[in-house]
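[1] Next input, structure requested:
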Amino acid sequence: MKKSYSTLFDPFHFPSANISLKNRIVMSPMTHMSSNADGSISEQEIQYYKRRSHGAAMVITAATYVLQQGGMPGAPGADNDTLIPGLRRLASTIQGNGAKAVLQIFHAGRQGSKTGDYVSAGNIPEDREGAPVPRSLTEQEMEGIIHAYAEAARRAVDAGFDGVEIHGGNGNLLHQFLSPMTNRRTDRYGGSLENRMTLALAIIREVLRTVRKESEKPFLVGFRFSPEEAGTPGITMADTLSFVDALSDTGIDYLHVSLTSFRSVPRRGIQDSRSRLAILQERVGSRIPIIGVGSIYTPDDALEALSSGIPLIALGRELIMEPDWVQLVLEGREQQIRTSISPLDLQELSIPEPLWNLMMSIPGWFPLRSDPQVVDTER
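    Down below sits the predicted model:
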């Protein structure tokens, strides 16, 4: 290994949870659309994670729904106890390769529903043709959703996971409540930024209470969020700085910033030419660990991301294309790292067919090539 890359392999300790990681590399949660129809873990999922969990210090699963109402087709579920055996197998598969296993839990809101009951902070549909008009959740229903997150966390504890990550970004229900673009309520869940934070903070408190009661071993609770929205009115960087202040005061163990590029800079709300990661690290990094993600393909990219001051970096698309990323860097073979993908790589990379179809349906999401990359047969 090149000496300059040694920082990537320094161990890291979450002081609040008393959990240690073997290096600074996390597998980011990535939608795979490969669970069974009932939300149970499929064999394709097991092989997908088995192929990718031998290098990263921590693996965060695909978004796992807490209620059928907020589920997506092909997503895993944690909405009832019958799913615990499959979740247990997934956790043990990841842990068997030496990584900590974290279950990401979510409610899709207006983005999706397995029951056809699309809900949100209000009745504003997504900006796409044919998008269903969601109905506005009642306060009583929101109490039920808070409980559903806590129950999903309990199931993660029972299944042997090392933690849960509450997904509050990328347009899902918690994002919809935080954004003034989708939340125009006039009750205690809408209006001011403080009110729009209410649902997310209530879920965090209930999840923390539940895992502290249920778990006999150290257990992580993290929160993932998107720092800005492009449209107006939408979440600004100024909003996010206030939000991370509030998140840092809850007692959770880490924040995970969802970005397309770790180099991205603020659009609105503050005047600062530094990256969002650097700004967030300056704001709360001394209080809570931050995981950064977004277009990290090479070890030099990873070092650049860490130079913002954050302690942990997550690889998403890159670990789909190159499951052996960590091992190749450790062995000084970083020149062999795949940074593009071919249809002929599909079987060797254990990519489930539904995920491959999704990758092909979004132009520019993954760098593609027409011929298979020559791979060292001794990998």
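
[2] Same question for stretch 320-338: list its buried residues.
    Going by neighbour count (16 or more other CB atoms under 10 Å), the buried part of stretch 320-338 is 320-326, 328-330, 334, 337-338. C-beta coordinates here come from the backbone N, C-alpha and C atoms, glycine included.

[3] Equivalent analysis for stretch 346-362, please.
    So stretch 346-362, judged by 16+ other CB under 10 Å, has buried residues 346, 349-352, 354-356, 358-359.

[4] ok, those residues vs residue 366, which is closest?
    Set against residue 366, the nearest of the buried residues of stretch 346-362 by CB to CB is residue 359 (5.1 Å).

[5] list the contacts for residue 209?
    Contacts for residue 209 were tallied using CB atoms under 8 Å, 6 or more residues apart in numbering; they are residue 150.

[6] Now the element after the helix or strand harbouring it, going C-ward?
    Applying DSSP states H and E as the criterion places residue 209 in helix 198-214. Next helix or strand after helix 198-214 toward the C-terminus (DSSP H and E): strand 220-225.

[7] Quick check: next helix or strand after that following strand?
    Next along from strand 220-225, by DSSP H and E: helix 237-248.

[8] sorry, back to before: need the buried residues of stretch 320-338 in a markdown table (columns: secondary structure).
    Listed next are the buried residues of stretch 320-338 as a markdown table, based on DSSP: H, G, I helix; E, B strand; the rest coil:
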| residue | secondary structure |
| --- | --- |
| 320 | helix |
| 321 | helix |
| 322 | coil |
| 323 | coil |
| 324 | coil |
| 325 | helix |
| 326 | helix |
| 328 | helix |
| 329 | helix |
| 330 | helix |
| 334 | helix |
| 337 | coil |
| 338 | coil |
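
[9] Max pairwise distance over these: which two?
    320 and 330 (19.6 Å).

[10] Residue 104 contacts residue 65, correct?
    No - Residue 104 is not in contact with residue 65 according to CB atoms under 8 Å; the separation is 10.2 Å.

[11] Which of the two has more residues huddled nearby?
    Between residue 104 and residue 65, counting by other CB atoms under 10 Å, residue 65 is the more crowded of the two (27 against 23).

[12] got a list of what the more buried one touches?
    So residue 65 contacts 39, 71-72, 75-79, 105-108, 114 (CB under 8 Å, 6+ apart).

[13] Skipping adjacent residues, who's closest to it in space?
    Closest residue in space to residue 65, ignoring its immediate chain neighbours: residue 71 at 3.7 Å, by CB to CB, 6 or more residues apart in numbering.

[14] Next one: the one you found relative to residue 133, how far apart?
    19 Å (CB to CB, to the nearest Å).

[15] same thing with residue 242?
    30 Å.

[16] who's more crowded, the two?
    Neighbour totals were compared for residue 242 and residue 133, and residue 242 leads with 15 against 11 (other CB under 10 Å).

[17] can you pull out the helices in the chain?
    Per DSSP state H, the chain carries helices over the ranges 43-52, 84-96, 139-158, 173-178, 193-196, 198-214, 237-248, 276-284, 299-306, 317-321, 325-330, 353-361.

[18] How about the second one, which residues are buried there?
    Just to be clear, that refers to helix 84-96. For helix 84-96, by 16+ other CB under 10 Å, it's 84, 86-91, 93-95.

[19] wait, which of those is closest to residue 261?
    residue 94 (26.9 Å).

[20] Pull the contacting residues for that closest one.
    With contact taken as CB under 8 Å, 6+ apart, residue 94 is in contact with 49, 53, 59, 100-101.

[21] what's across from the nearest residue to it once chain neighbours are set aside in the sheet?
    Using CB to CB, 6+ apart and skipping the chain neighbours, the partner closest in space to residue 94 is residue 101 (3.9 Å). Judged by DSSP bridges, the bridge partners of residue 101 are residue 59.
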